[in-house]
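**Q** What would the 3D arrangement of this be:
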Amino acid sequence: MIARDAYTTSLWQDHITPFTESNKANPETLYDVIIIGGGITGVSTAFLLQDEGKNCLLLEAENIGYGTSGGTTAHLNTLLDVPYYVIQKNFGKEAAQQVYASATEAIALIRHNISRWGIDCGFRDANAILFAQNEEQEKELDNIAETSAEAGLEMNAIDSIPVDIPFSSAMKAGEQAKFNPLQYIQGLARAFETAGGTIRQQCRVTGVNNNNTVTVTTNAGAFKAKAVIYATHIPTGINLLHLRCTPYRSYAMAFTLEDERYPDELIYDMHDPYHYYRTQEVDGEKYLIAGGEDHKTGEQENTNQCFLRLESHIRQHFRVKEIKYRWSSQYYEPVDGLPYIGRLPGTDDNIYVATGYGGNGMTYSSVAALLLKRLLLGQKPKNELLFDPNRIKPVAGFSQFISHNADVVKQFMGKFFSGEQLDALAGIAPGEGKVVEYENQKIAVYKDEQGKLYAVKPICTHMKCEVGWNNAERSWDCPCHGARYDISGKVLNTPADQGLEQLDIS
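**A** Purely as a prediction, here's the structure:
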């Protein structure tokens, strides 16, 4: 099993061993490109650039697949979460066609990589089924089908669906797929190294300074490159994209069935938030994966209830034998419906970013890899302007777009706090956390199963918002921009790049 940015364990992380680097990073080398982030976007982009003759270094703060790539439900879609009618409305019909073409090319790239490198990751082509359950949803489904066809994706009406859920109408689309994301990422990471690329895990970036040559400072020293790509799901530091991307949590379960009726298709209802279902075979056993119950990060008071609601929904419609895994993960919704891929706003031309994938990160990761490769090679891709992060306009107060280590006042350094008084004040059970007021200061307190207290300052080191407790993942989550921390204050999710201040308990 590998580590992930969560307390819960996903199906994928429990069935894979840690990745071990083969090539050693050299601080004396001037790399062509440094890619920050070892998820599917970072690994895919690094491989494509290395395959084109660039000398690349990939830096990962924890381990390959640690973030959302290890917590996805791994749908590969051209039928996207943001419908083509929304893309048409915001960007026009030609843009919708470009998005469809980009998504189609992305899935083809994944298929090609798997074939070329013999990556055993359970990849399967699959149809997608979208079903309505009332008159309002039927009208939206017709709209989705019509505008999808105009973009290039044909959808056809069907009379039945492969799950026992009531529906009034349904549509089927081809050209979709599914796979095991961590097996794919590790296979591609090995191909990247075979091509001469270098991966450094357990290497957290703490700063990026750009004077023609970019110096990337980390907890393992400094590295230099001609260009840098932020593939960290959301970029670290403080920049405009944090105002244009909203963090969400999504919940998933993998379970076995009594009746062995595992659907081959990718299936979606039309509620908001919607539910989704698909099958994956892992190590010889089939699992039905269901997900949903999405909400903005930090805004759900009891995140365990999301799992309870999802389980109730699953048991209502499926003959569940055993729920084997339950987990949640994070994604970022862009304000206008499309990702931000290209040059990072407010920086020089050699700093790039890919973020704002919404719920289609597995597809948009390869869209980003292809687009970033072409930009770094000096080409002029057709979809450059469509996904350009600079399509957003600067606002007052954000002339400094990329700044690491926000100045959070350290009010507690050198102070000791009474564990007994904190425990009595918080009144929490083992495994719980709470923000309490103590000696005119707010303190985030967690008690483990053995009764040990952990206390941190509950002020996010990104932009000083107050964090809240996530009882499902046992983490401190920031509702402003999605930074997350473990019980001891260690960073789990960017955009923060410094942990919460730890307090001394006497």
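**Q** Looking at stretch 350-367 now, give me its mean pLDDT.
**A** For stretch 350-367, mean pLDDT is 97.
**Q** Likewise for stretch 267-287?
**A** 97.
**Q** Restrict that stretch to CA atoms and write it as CSV.
**A** Coordinates of the C-alpha atoms in stretch 267-287 are reproduced here as CSV (Å, rounded to 0.1, in the frame of the first residue of the first chain):
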residue,chain,number,x,y,z
ILE,A,267,-23.3,5.2,-15.3
TYR,A,268,-24.5,8.6,-14.1
ASP,A,269,-27.7,10.0,-12.6
MET,A,270,-28.6,13.7,-13.1
HIS,A,271,-28.9,14.9,-9.5
ASP,A,272,-26.8,17.8,-8.2
PRO,A,273,-24.5,16.5,-6.8
TYR,A,274,-24.9,13.4,-9.0
HIS,A,275,-24.2,9.8,-8.3
TYR,A,276,-21.9,7.7,-10.5
TYR,A,277,-21.2,4.0,-10.8
ARG,A,278,-18.7,1.7,-12.5
THR,A,279,-16.9,-1.6,-12.2
GLN,A,280,-13.2,-2.3,-11.9
GLU,A,281,-11.3,-5.6,-11.5
VAL,A,282,-8.3,-5.3,-9.2
ASP,A,283,-6.1,-8.3,-8.4
GLY,A,284,-8.6,-10.7,-9.7
GLU,A,285,-11.6,-9.4,-7.8
LYS,A,286,-14.4,-7.3,-9.2
TYR,A,287,-15.6,-4.1,-7.4
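**Q** And the pLDDT for the residue positioned nearest the centre of the chain?
**A** Nearest to the mean C-alpha position of the chain, by CA atoms, centre = their mean, lies residue 68 at 3.6 Å. Here, the pLDDT recorded for residue 68 equals 96.
**Q** close enough to count as contact, it and residue 361?
**A** Yes. Assessed by CB atoms under 8 Å, residue 68 is found in contact with residue 361 at 6.2 Å. Glycine gets a C-beta too; all of them are placed from N, C-alpha and C.
**Q** Find residues that contact each of these two.
**A** Shared contacts of residue 68 and residue 361, defined by CB atoms under 8 Å, 6 or more residues apart in numbering, are found at residue 331.
**Q** Name the residues that touch the helix or strand containing residue 310?
**A** Secondary structure from DSSP states H and E places residue 310 in helix 304-317. Applying CB under 8 Å, 6+ apart, the external contacts of helix 304-317 come out as 163-165, 249, 251-253, 255, 275, 290-293, 295, 300, 320, 323, 326, 328, 471-472.
**Q** Would you state the helices of the stretch 351-500 of the chain in chain order?
**A** Under the criterion DSSP state H, counting those that start in this stretch, helices of the stretch 351-500 of the chain are mapped to 361-376, 384-387, 419-426.
**Q** Quick check: which helices or strands does the shortest one pack against?
**A** I take that to be helix 384-387. If contacts are counted by 3 or more CB pairs under 8 Å, 6 or more residues apart in numbering; DSSP states H and E, helix 384-387 sits against helix 93-117, strand 340-343, helix 361-376.
**Q** Which of these sits closest to residue 14?
**A** Closest approach to residue 14 among those is made by helix 361-376 (18.9 Å; CB to CB).
**Q** now that closest one: how far from the chain's centre is it?
**A** The chain centre lies 15 Å from the centre of helix 361-376; the measure is CA atoms, centre = their mean, to the nearest Å.
**Q** Tabulate the CA atom coordinates of that helix in CSV.
**A** This file holds the C-alpha atoms of helix 361-376, laid out as CSV (Å, rounded to 0.1, in the frame of the first residue of the first chain):
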residue,chain,number,x,y,z
GLY,A,361,-9.2,15.1,-13.8
MET,A,362,-8.2,11.8,-15.4
THR,A,363,-9.1,13.2,-18.9
TYR,A,364,-8.0,16.8,-18.4
SER,A,365,-4.6,15.6,-17.0
SER,A,366,-3.7,14.3,-20.5
VAL,A,367,-5.2,17.3,-22.2
ALA,A,368,-2.8,19.4,-20.0
ALA,A,369,0.2,17.1,-20.7
LEU,A,370,-0.3,17.5,-24.5
LEU,A,371,-0.9,21.2,-24.4
LEU,A,372,2.0,21.9,-22.1
LYS,A,373,4.3,19.8,-24.2
ARG,A,374,3.4,21.7,-27.3
LEU,A,375,3.9,25.1,-25.5
LEU,A,376,7.3,24.1,-24.1
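**Q** which secondary element of the protein has the worst mean pLDDT?
**A** strand 416-417 (a mean of 56; mean pLDDT, DSSP states H and E).
**Q** Adding mean neighbour count, write the helices and strands packed on helix 384-387 out as a markdown table.
**A** Putting the helices and strands packed on helix 384-387 into a markdown table (neighbours: other CB atoms under 10 Å) gives the following:
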| stretch | mean neighbour count |
| --- | --- |
| helix 93-117 | 18 |
| strand 340-343 | 25 |
| helix 361-376 | 26 |
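**Q** Out of the ones you listed, which is closest to residue 28?
**A** helix 361-376 (22.4 Å).
**Q** so what does the closest one touch, helix or strand wise?
**A** helix 40-51, strand 75-76, helix 93-117, strand 340-343, strand 351-355, helix 384-387.
**Q** Partner strands of the fifth one and their direction?
**A** Within its sheet, strand 351-355 is paired with strand 221-230 (parallel), strand 340-343 (antiparallel), according to DSSP bridges.
**Q** how many degrees apart are it and helix 40-51 in direction?
**A** Strand 351-355 runs at 140 degrees relative to helix 40-51, counting by axes from the mean of the first three to the mean of the last three CA atoms, to 10 degrees.
**Q** ok, back up a step: got a list of what the residue nearest to the centre of the chain touches?
**A** 5, 39, 233, 329-331, 361 are the contacts of residue 68 under CB under 8 Å, 6+ apart.
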